[in-house]
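**Q** Okay, sequence plus prediction incoming.
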Amino acid sequence: MSLFITSLNSGSNGNCYYVGNDNEAVLIDAGISCRETERRMQRLGLSMQKVKAVFISHEHIDHIRGVTVLSNKYQLPVYITSDTLKHGGLQLKDHLVSPFSIQDPVNIGKLSVKAFAKEHDAAEPHSFTITQEAVTVGVFTDIGVPCNNLVHHFRQCHAAFLEANYDEVMLEKGRYPVFLKNRIRGGKGHLSNTQALTLFTNCRPEFMSHLLLSHLSRDNNDPQLVQSLFDQHANGTQIIVASRYQETAVYHVTGAPVERAEPVTLQVTSAPVERSEPVTLQVTNAPVERVEPVTLQVTSAPVEKSVPIANRIKALPESKANRSRRSASRNDGISQLELFH
């Protein structure tokens, strides 16, 4: 058997995650409106008729905004602790309220949903794993620190929604007041990119095929930064950054082995290294042959000078016609140049 998963929305404006098989499904949190939940599932080709229950992680508005209408409209049981119900101020119908505990998994058809306690600034916060036979999906958001509970359950997952809420530098240099910065990074708030990456690289099981990075801050993170950061360490795990504005695709988690790159091992042998023999230059005392200089001899013989061409040409007798023109010019006062034009 296998599971189908998608993030319908992920962020401080609303969280809702779908996990199901061919026959039944559950929603983890319902932080967007009922209408928007229906629209996004319809676009993905998912049916609300398959959804059999909603599990609420804690009472913050971005996790419960749509649960009352959704539960009433589809008569869905809502699994929620008494403290979360009280502090969330939810007006759920009594017969649709179902408590849960960390000791006992909840069975929804063939799906087994297990809760565990986590660190977050809420009344009674929990995260969940959903298992069908040998395939497990985890939903791990709104976690202040990567506690032992988180590490234990993360190691069991074939796929996981994992919080990567903020970049440390962006948070530090951002516009949030100091008290809010300290709430986010103070151990009861959210996981940073670095904390999420450390958990992924150190605790990822060999069979993890999908990682959906979730609950990114709008102001203190960058989806492209997160994608690039985790892609460098993916090694066969598909990395998806869940959006705060739209649903992701539906991913099929089969539990099949994940192909990973084999580490390259360099073998060092003790074989002797061939080295080239040094070249020895021999210097002798033999005389060096030198080229004799060439001496140019200059003599005092007289230099024969050439005679100008004009001096070698004898004057030609003037023609009768030229004599006539010259005579006429003297008579008329016209220059010789004008006679030839």
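**A** Here it is on my side, so go on. Numbering: from 1, shown residues only.
**Q** So which residue is dead centre in this protein?
**A** Most central in the chain under C-alpha atoms, centre = their mean is S228, positioned 2.3 Å from the mean C-alpha point.
**Q** ok so that one is a helix residue?
**A** Yes - assessed with DSSP: H, G, I helix; E, B strand; the rest coil, S228 lies in a helix.
**Q** Distance check, it against L197.
**A** For S228, the distance to L197 (C-beta to C-beta, to the nearest Å) stands at 11 Å. Where C-beta positions appear, they are placed from N, C-alpha and C, glycine not excepted.
**Q** ok, now which ones touch T248?
**A** Counting by C-beta atoms under 8 Å, 6 or more residues apart in numbering, T248 touches 6-7, 212, 240, 242.
**Q** Let me know the closest of the residues you listed to K73.
**A** Lowest distance from K73 to the contacts of T248 (C-beta to C-beta) belongs to T6, with 20.4 Å.
**Q** does that closest one really touch Y18, like I thought?
**A** Yes - taking C-beta atoms under 8 Å as the definition, T6 is a contact partner of Y18 at 4.9 Å.
**Q** shared neighbours, those two?
**A** L46.
**Q** just to revisit the earlier point, dump the contacts of T248 into JSON lines; add secondary structure as well.
**A** Listed next are these as JSON lines, based on three-state DSSP:
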{"residue": "T6", "secondary structure": "strand"}
{"residue": "S7", "secondary structure": "strand"}
{"residue": "L212", "secondary structure": "strand"}
{"residue": "I240", "secondary structure": "strand"}
{"residue": "A242", "secondary structure": "coil"}
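**Q** Drop anything exposed from those.
**A** 6-7, 212, 240, 242 (16 or more other C-beta atoms under 10 Å).
**Q** Which of those sits closest to D83?
**A** Distances from D83 to the buried ones among the contacts of T248, taken as C-beta to C-beta, are shortest for S7 (26.3 Å).
**Q** any idea how far the closest one lies from V241?
**A** From S7 over to V241 the distance is 10 Å, taken as C-beta to C-beta.
**Q** Now for the two: what residues contact both?
**A** Counting by C-beta under 8 Å, 6+ apart, the residues touching both S7 and V241 are L212.
**Q** can you map out the helices along this protein?
**A** Residue ranges of the helices in the chain, as given by DSSP state H, are 34-43, 61-64, 67-74, 82-88, 148-154, 168-173, 178-185, 193-203, 223-231, 309-312, 320-332, 336-339.
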